[in-house]
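A.B. asks: following is a predicted model, sequence given first.
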Amino acid sequence: MSFDVDLYLYMSWKDPTLHHPGHDFIMINDDSVRKELWTPDLYFANARKSYFHHVTVPNFNLFVAPDGTISYSSRITANVACNLDLVDYPMDAQVCHIRMLSYAYIADRVSVTWFKENPVLMNPEIELPAFTISNLTSEYCNGTYRYAVTDVSHKRDKFSCLDGRFYLKRALGYHIVQSYIPTALIVIISWVSFWIDRRAVPARVTLSFTTLLTLSTIGNGLRYALPQVSYAKAIDYWFGACMVFVFLALIEFAIVNNYMRKSEKFEKLSSKYSAEKEEIIKLPFYQHSHQEMLKLRQQSKMFNSLIGDSPTSARRRFMTRLRSFSLRGGDSESEECYTPISDSDTVSSDGLTKKDATNPDETQILPNGPDQLDSDGNPIVNPEKDEEEPAFITITKKEPDPLKRDVVPNESLSIQYLEVALLMSRRALNIDRASRYIFPIAFLIFNLIYWFYYLIIKAK
């Protein structure tokens with residue numbers, strides 16, 4: 001960084017050759033006369049460029065006292081370099097220097113010192129748009145430097161140096177309006193997704209990606225205006241946190257959408273199984289969905305409370321009579337069975353009903369009507385004769401076609417799929433409801449920590 005400073009430089013030294021018999025100072029404002037006099041060869045060590053003012057005349061004056069003491073002043077504009085530490089940007093405080101020393105004379109020949117009273121003054125009417133000047137101090141920066149350098153030798157000695165320090169505090173108002181408030185509003189806008197219908201996928205996707213891209217654009221625009229430093233700044237932590245909140249809102253939608261897709265899948269399967277047909281569904285996809293449905297029902301505590309809270313308990317007891325037709329494989333032989341699940345039955349992880357059986361090679365099943373076997377040896381159920389008295393029969397194990405997955409459609413199975421679809425939808429809704437509180441509270445906590453650290457702890 002560099003800054004321009006317009007200053008009035010006052011210098012005083014004593015030249016015995018200029019004493020005169022007068023009783024007052026002699027003023028000299030002719031530039032040709034000034035060039036005939038000796039003046040200190042001071043320069044600004046950290047200035048990129050500087051110049052004297054000559055409009056409308058050379059801006060200087062020189063007074064000579066009777067004893068040869070000279071008072072010299074001139075107007076100078078300098079562009080001075082200043083190294084910035086941007087770790088706390090934009091809540092940072094900087095110290096800039098203006099260093100002056102003799103270009104040719106060592107300290108033994110020319111020694112520069114500050115005036116004893118108020119060596120550095122500032123016009124109180126001057127204000128900076130981006131900074132406030134909190135303090136001005138006068139220090140020394142004497143150092144040892146090389147001079148008279150040749151190809152084979154050089155000299156080294158001390159040089160007298162003056163160091164004027166400017167303590168700057170960055171004005172935060174601009175960044176609050178241009179950076180912090182817009183990005184905070186973008187984060188808050190991303191939370192609107194939690195109140196949008198969880199089935200409105202296009203609206204939620206558009207909102208999430210729009211806020212994410214807008215936040216990235218603002219962050220890139222800010223970084224282009226700053227020096228490319230290798231460390232993170234305070235504004236970077238803010239933008240990073242805002243980006244994380246917006247990204248987590250997008251991830252939350254992805255999780256909700258995953259549950260809703262499962263809900264829609266099970267709802268479609270419920271409609272598929274509710275068809276009053278006696279045909280057997282033999283696609284592997286349906287068998288996999290059936291196993292997934294049973295697993296979700298067993299693992300969910302919400303499902304158990306859902307069944308217990310139903311007002312139509314008698315109908316629910318009927319609905320819990322699961323009718324499944326699944327495959328269980330072994331080393332050399334497998335068994336296919338079809339059985340309704342009674343209140344006393346338990347369902348295993350593979351969807352089969354476990355009953356007490358004394359013969360492991362045979363399974364008792366309770367069909368809903370006259371038992372028949374098709375050409376593959378699978379039982380065919382006639383759902384129109386459920387009112388007949390069931391009779392136990394025994395089916396001997398046979399090795400089925402390993403590529404076949406058979407599930408018989410029926411009303412109870414359809415209701416089970418519908419209940420799991422409702423369960424998935426409820427989970428998605430609960431995630432949205434929890435996010436409506438978790439995200440604002442987390443963002444509020446982050447703001448409290450962030451501003452307390454930079455405005456109070458760092459300020460000390």
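C.D. replies: Perfect, thanks for sending it. Numbering: from 1, shown residues only.
A.B. asks: confirm residue 98 sits in a helix?
C.D. replies: No. With DSSP: H, G, I helix; E, B strand; the rest coil as the criterion, residue 98 is assigned strand and is not in a helix.
A.B. asks: that one - how many residues pack around it?
C.D. replies: Neighbours of residue 98 under the rule other Cβ atoms under 10 Å: 20. Glycine gets a C-beta too; all of them are placed from N, C-alpha and C.
A.B. asks: what's across from it in the sheet?
C.D. replies: Note on residue 98: beta-bridge partners residue 164, judged by DSSP bridges.
A.B. asks: output stretch 435-445 as PDB, nothing but the C-alphas.
C.D. replies: The C-alpha coordinates for stretch 435-445 follow below in PDB (Å, rounded to 0.1, in the frame of the first residue of the first chain):
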ATOM      1  CA  SER A 435     -33.100 -26.700  10.500                       C
ATOM      2  CA  ARG A 436     -35.400 -23.700  10.900                       C
ATOM      3  CA  TYR A 437     -34.000 -23.400  14.400                       C
ATOM      4  CA  ILE A 438     -30.500 -24.900  14.200                       C
ATOM      5  CA  PHE A 439     -29.200 -22.700  11.400                       C
ATOM      6  CA  PRO A 440     -30.300 -19.300  12.800                       C
ATOM      7  CA  ILE A 441     -29.000 -20.200  16.300                       C
ATOM      8  CA  ALA A 442     -25.700 -21.500  15.000                       C
ATOM      9  CA  PHE A 443     -25.200 -18.300  12.800                       C
ATOM     10  CA  LEU A 444     -26.100 -16.100  15.800                       C
ATOM     11  CA  ILE A 445     -23.500 -17.900  18.000                       C
END
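A.B. asks: now it: average pLDDT?
C.D. replies: Averaging pLDDT along stretch 435-445 gives 96.
A.B. asks: buried residues in it?
C.D. replies: 435, 439, 443 (16 or more other Cβ atoms under 10 Å).
A.B. asks: equivalent analysis for stretch 171-182, please.
C.D. replies: 175, 179-180.
A.B. asks: what does that stretch rub up against?
C.D. replies: 90-91, 128-132, 218, 222, 235, 238 (Cβ atoms under 8 Å, 6 or more residues apart in numbering).
A.B. asks: adding distance to residue 43 and neighbour count, write the residues you listed out as CSV.
C.D. replies: Output for the contacts of stretch 171-182, formatted as CSV (distance: Cβ to Cβ, whole Å; neighbours: other Cβ atoms under 10 Å):
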residue, distance to residue 43, neighbour count
90, 33, 23
91, 35, 19
128, 25, 12
129, 29, 6
130, 28, 10
131, 26, 18
132, 29, 12
218, 43, 17
222, 37, 19
235, 37, 22
238, 42, 22
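A.B. asks: among the residues you listed, which ones are in helices?
C.D. replies: 218, 222, 235, 238 (DSSP state H).
A.B. asks: mind giving me the packing neighbours of the particular helix or strand that has residue 427 in it?
C.D. replies: In this assignment (DSSP states H and E), residue 427 forms part of helix 411-452. Here helix 411-452 touches helix 181-190, helix 234-273, helix 284-299, helix 301-308, helix 313-319, strand 323-328, going by 3 or more Cβ pairs under 8 Å, 6 or more residues apart in numbering; DSSP states H and E.
A.B. asks: mean pLDDT lowest for which of those?
C.D. replies: Among the helices and strands packed on helix 411-452, strand 323-328 carries the lowest mean pLDDT (a mean of 32).
A.B. asks: can you tell me how far residue 146 sits from residue 159?
C.D. replies: Using Cβ to Cβ, to the nearest Å, we find residue 146 at a distance of 10 Å from residue 159.
A.B. asks: quick one, which of those two is more surrounded?
C.D. replies: Using other Cβ under 10 Å as the criterion, residue 146 and residue 159 rank with residue 159 on top: 23 against 9.
A.B. asks: that one and residue 113, how far apart?
C.D. replies: For residue 159, the distance to residue 113 - Cβ to Cβ - is 13 Å.
A.B. asks: show me what contacts residue 27?
C.D. replies: Contacts of residue 27 by Cβ under 8 Å, 6+ apart are 61-63.
A.B. asks: among these, which lie within strands?
C.D. replies: For the contacts of residue 27, membership in strands holds for 61-63, with DSSP state E as the criterion.
A.B. asks: buried subset of those?
C.D. replies: The buried subset of the ones in strands among the contacts of residue 27 - by 16+ other Cβ under 10 Å - is 62-63.
A.B. asks: state the pLDDT value of residue 96.
C.D. replies: So, for residue 96, pLDDT stands at 94.
A.B. asks: what sits against the residue lying closest to it once chain neighbours are set aside?
C.D. replies: Nearest residue to residue 96, sequence neighbours excluded (Cβ to Cβ, 6 or more residues apart in numbering): residue 82, at 3.8 Å. Applying Cβ under 8 Å, 6+ apart to residue 82 gives the contacts 1-3, 46, 94, 96-97.
A.B. asks: could you check how far residue 82 is from residue 46?
C.D. replies: 8 Å.
A.B. asks: now residue 89
C.D. replies: Counting by Cβ to Cβ - residue 89 and residue 46 are separated by 21 Å.
A.B. asks: cool, residue 451 as well?
C.D. replies: 34 Å.
A.B. asks: so the two - more neighbours on which side?
C.D. replies: residue 46 (17 against 13).
A.B. asks: need the pLDDT of that one.
C.D. replies: 93.
A.B. asks: over to residue 357?
C.D. replies: Reading off the model, residue 357 has pLDDT 38.
A.B. asks: and for the one 3 residues further on?
C.D. replies: Reported pLDDT at residue 360 in the predicted model: 38.
A.B. asks: which helix or strand in the chain has the lowest average pLDDT?
C.D. replies: strand 323-328 (a mean of 32; mean pLDDT, DSSP states H and E).
A.B. asks: could you list the low-confidence segments of this protein?
C.D. replies: 273-411 (pLDDT under 70).
A.B. asks: got the domain boundaries for it?
C.D. replies: 2-171, 175-265+428-457, 280-407 (automatic domain parsing).
A.B. asks: still on that earlier bit, what residues are shared contacts of residue 82 and residue 46?
C.D. replies: residue 97.
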